[in-house]
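> quick one, fold the following:
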Amino acid sequence: MSHYSEEKRGTLRESLEYEILHWPHVSSRRMFGCPAYLVSGRLFAFLVNEGVVVTQLSKRQRSHARQLFETEPFQIDQRPISRWLCLSVPEGEVTLSDLRRLLRFIRYSYESASGT
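Take a look at the predicted model:
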């Protein structure tokens with residue numbers, strides 16, 4: 001999986017941040033060379049060129065996400081992290097429907113990371 005490019009994913013980042021950064025206790029910073037989102041210091045999502053990686057989904061939520069998105073586990077140095085799921089988002093304009101589907105799983109990850 002490649003790193004993040006603002007040129008390729010800036011529009012997606014802006015759309016997601018418009019929602020995510022208003023959630024309680026959310027901060028953003030760069031991790032793995034990508035825009036990352038944390039709640040009270042716990043990572044719950046980050047952007048990559050292929051889409052959005054969610055880090056805190058339950059097994060059932062990951063299964064549901066696989067029905068709605070092309071997915072793959074995030075890899076660090078050729079090692080897959082099976083709990084971290086990349087939800088693929090085609091390049092180009094992101095529809096409101098796509099954004100809602102993404103935010104649903106990002107929100108699940110946020111809630112799990114925040115303990116709510």
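
> what comes up buried for the lowest-mean-pLDDT helix or strand in the chain?
When the helices and strands of the chain are compared on mean pLDDT, DSSP states H and E, strand 71-76 comes out lowest with a mean of 86. Buried positions in strand 71-76, judged by neighbour count with 16 or more other CB atoms under 10 Å: 71-72, 74. To be clear about C-beta, it is placed using only N, CA and C from the backbone, and glycine gets the same treatment.

> now these as a markdown table including distance to Cys86?
Below are those laid out as a markdown table (distance: CB to CB, whole Å):
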| residue | distance to Cys86 |
| --- | --- |
| Thr71 | 6 |
| Glu72 | 5 |
| Phe74 | 5 |
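
> mind listing what's buried in whichever strand in the chain runs longest?
Ranked by residue count under DSSP state E, the longest strand found in the chain is strand 79-88. By 16+ other CB under 10 Å, the buried positions in strand 79-88 come out as 84-87.

> what angle separates that strand from strand 71-76?
Using axes from the mean of the first three to the mean of the last three CA atoms, to 10 degrees, the inter-axis angle of strand 79-88 relative to strand 71-76 is 140 degrees.
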